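> Sequence below, structure please.
(2 chains)
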Amino acid sequence: MTLDDGLDQPLRVINVGLDLFAEQAAAQGRAVLHVDWRPPAGGTDIAALLAQMEDEPS
Amino acid sequence: MAVRAVVRRSFYQDSIALMSVAARVRAEPGVSEAAVLMGTPANHAILAAAGLVASEIQDAAPGDLVIVVQAETDAAAQAALRAAGTMLDERQRATSVLRRPRTLEAALGERPDANLAVISVPGAYAAAEARTALRRGLHVFLFSDNVPLADEVELKRLAASRRLLCMGPDCGTAYLAGVGLGFANVVPRGRVGCVAASGTGLQAVVSRLAALGEGISHGIGVGGRDLSSEVGGTMTQLALAALARDARTEAIVVISKPPSPTVLPELETAIRATGKPVVVCCLGAAGRPGAPGTWVGTLDDAASAVVALLRKVSWAPGSFSDPAAVRARIAGLGAARGNLLGLYTGGTLAHEAHLLLDPLLGALGGNVGAGHRGDSGGHHVFDLGADEFTVGRPHPMLDPDARATRVREAGRDGNVGVLLLDLVLGRGAHANPADALARAVREARETAQRAGRSLLAVASVVGTEGDPQGVRGQVDQLRAAGVEVLPSNAQAARFAALALRPDLAAPLLGAR
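Purely as a prediction, here's the structure:
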């Protein structure tokens, strides 16, 4: 569904994060699939480390 | 005092869930402080700053859960740790009954027809999730904050190129196709479409519209930085065009901070192109001569102006919706003495009050507005939802206790004569925020009275009768505690100024 289909299409929701928001959409009668999201192993520290390594002269 | 802690390795629950467990642990017998959070470097720093240091948690990693309790005795601390463990286990069992996908990609495999992703993961991870959703053709509601500006620019360009909405980052509230997203009030559907860079601003306008008998078609959130020169108003323009094509939408309200001068011409072009009546509320900015749309100065005026446009009646900004009632009330109260102290949970509402009060009362202190002056003596307005008050703590809209403490302090402060307050209801907000506030105001007023002073409390409530809290019951609780409740934040701010400066009656209330 893009904006060309208009804004009034029935919402089918995927929720990533606070489960409060999945409960809210469900309470309003909308189909919701909640993702059991976890931080990626190593988190952003690995990304920061990689960026740092790229900056160092080889 | 004893500090005891445990670490649960590779155990994740979202921040609101953890804060609610922490709040329940704080209420355990003998416990003076408790923290339940992930072992990130930032959280280790918060714990150290709070004096919650224990050897058990030093090696906790970002994927590990940390529970720290400070209690009167070692036995009480150990008991509270056990209670916390039980609460977490119960939550874990309740949420793992259903088999759930672990990634957005997996969820899309199960639900290939999904058309909206609601994303509220920590900011460092949010852009990656939003990018995935947009590439797969989903509109995005991005609640997460702390998303880098460069990511926002890229995400919104990607969204626009695919004719998708990227609502946010830092989007608190939106309404799409009759569904409230994030922290949303329960409002009727109707003919007003909104584009909002502020969640609380949108809540205030749609709640006021509901009180005036109008509903909304859609409320598209764009995040606070959309009209900055870097982002260039990408989503605001897209949203205006979408509302222009939307058959349900008969008039439009734009809510924002002042746009960057580089974005203003494009904003004006987009407003003109809608071909529909547009009310523009950019708090702190007036329209240029010849600018399209009806430019207003307050959220209250945004609602009443659009209602007048729809009903084809004339409209002019006014200070109060019922000046005669205000005149009578102010006369009954007598002049207030001392300083004004604004204690806000809604950042945009604090900003609006600051803009209104600065010219009426003179330079304001607090943490709002350009070049804010901190504790400068005199009148102050504080946004208690700002980062400096919420590190490691829930937002005051979720947990009213932090503000209640400050209200009680104001009762003991001989300099404070007027309290100015907001209360924000709706889905996601605290279940009964008026209770804690009303009790604190009652105590503060009694404390002041015993010291031979009087303390006036003035408030407004953002909410509707359809909200889980019910606006009427919340207003009644505040009034029973002696709070003057006005129909909007702007009217509450003006009422507070009038109580301190009766000479403002002529400009604010007009000739008798």
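> For chain B, which residue gets nearest to chain A?
As assessed by Cβ to the nearest Cβ, chain A sits closest to residue B:120 within chain B, at 3.1 Å. The way it works is simple: take the backbone N, C-alpha and C, and place the C-beta from them, glycine included.
> quick one: low-confidence ranges for the chain?
You didn't say which chain, so I picked chain A. Scanning chain A for pLDDT under 70 picks out the ranges A:41-58.
> ah, no, chain B please
B:94-99, B:370-377, B:392, B:511-512.
> how much space is there between the residue of chain B closest to chain A and residue B:219?
Separation of residue B:120 from residue B:219 (Cβ to Cβ, to the nearest Å): 18 Å.
> How about the contacts made by the residue of chain A found nearest chain B?
Chain A approaches chain B most closely through residue A:17 (3.1 Å), counting by Cβ to the nearest Cβ. By Cβ atoms under 8 Å, 6 or more residues apart in numbering or on different chains, the contact set of residue A:17 is A:37, B:14, B:118-121, B:143-144.
> Please export the C-alpha coordinates of stretch B:463-475 as PDB.
Listed next in PDB are the C-alpha coordinates belonging to stretch B:463-475 (Å, rounded to 0.1, in the frame of the first residue of the first chain):
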ATOM      1  CA  GLY B 463      -7.900  14.500  26.800                       C
ATOM      2  CA  THR B 464     -11.400  13.400  25.700                       C
ATOM      3  CA  GLU B 465     -14.300  11.600  27.300                       C
ATOM      4  CA  GLY B 466     -13.400   8.600  25.100                       C
ATOM      5  CA  ASP B 467     -10.000   8.300  26.600                       C
ATOM      6  CA  PRO B 468      -9.400   5.400  29.100                       C
ATOM      7  CA  GLN B 469      -9.000   8.000  31.900                       C
ATOM      8  CA  GLY B 470     -12.100  10.000  30.900                       C
ATOM      9  CA  VAL B 471     -11.500  13.800  30.800                       C
ATOM     10  CA  ARG B 472     -14.400  14.800  33.000                       C
ATOM     11  CA  GLY B 473     -13.400  12.600  35.900                       C
ATOM     12  CA  GLN B 474      -9.800  13.800  35.700                       C
ATOM     13  CA  VAL B 475     -11.000  17.500  35.600                       C
END
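> Distance from the chain centre to it, please.
Stretch B:463-475 sits 17 Å away from the centroid of its parent chain (Cα atoms, centre = their mean, to the nearest Å).
> Okay, and residue B:130 sits in which element?
Taking DSSP states H and E as the criterion, residue B:130 maps to helix B:123-135.
> what are the C-alpha coordinates of that helix, in PDB please?
In PDB, the C-alpha atoms belonging to helix B:123-135 read as follows (Å, rounded to 0.1, in the frame of the first residue of the first chain):
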ATOM      1  CA  GLY B 123      17.400   4.700  18.700                       C
ATOM      2  CA  ALA B 124      20.700   3.000  17.800                       C
ATOM      3  CA  TYR B 125      18.900   0.100  16.100                       C
ATOM      4  CA  ALA B 126      15.800   2.000  14.800                       C
ATOM      5  CA  ALA B 127      17.000   3.200  11.500                       C
ATOM      6  CA  ALA B 128      17.900  -0.300  10.300                       C
ATOM      7  CA  GLU B 129      14.500  -1.600  11.200                       C
ATOM      8  CA  ALA B 130      12.800   1.400   9.500                       C
ATOM      9  CA  ARG B 131      14.900   0.900   6.400                       C
ATOM     10  CA  THR B 132      13.900  -2.800   6.100                       C
ATOM     11  CA  ALA B 133      10.200  -1.800   6.500                       C
ATOM     12  CA  LEU B 134      10.400   0.900   3.800                       C
ATOM     13  CA  ARG B 135      12.200  -1.300   1.400                       C
END
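> Quick one: list the elements packing against that helix.
Contacts defined by 3 or more Cβ pairs under 8 Å, 6 or more residues apart in numbering or on different chains; DSSP states H and E place helix B:123-135 against helix A:43-55, helix B:104-110, strand B:116-119, strand B:139-142, helix B:149-161.
> and residue B:235, what are its phi and psi?
Main-chain torsions, residue B:235, degrees, to the nearest 10: phi -80, psi -30.
> correction: residue B:84
According to degrees, to the nearest 10, the main-chain angles of residue B:84 amount to phi -60, psi -40.
> what's the burial count for it?
The local packing of residue B:84 (other Cβ atoms under 10 Å in any protein chain shown) involves 24 other residues.
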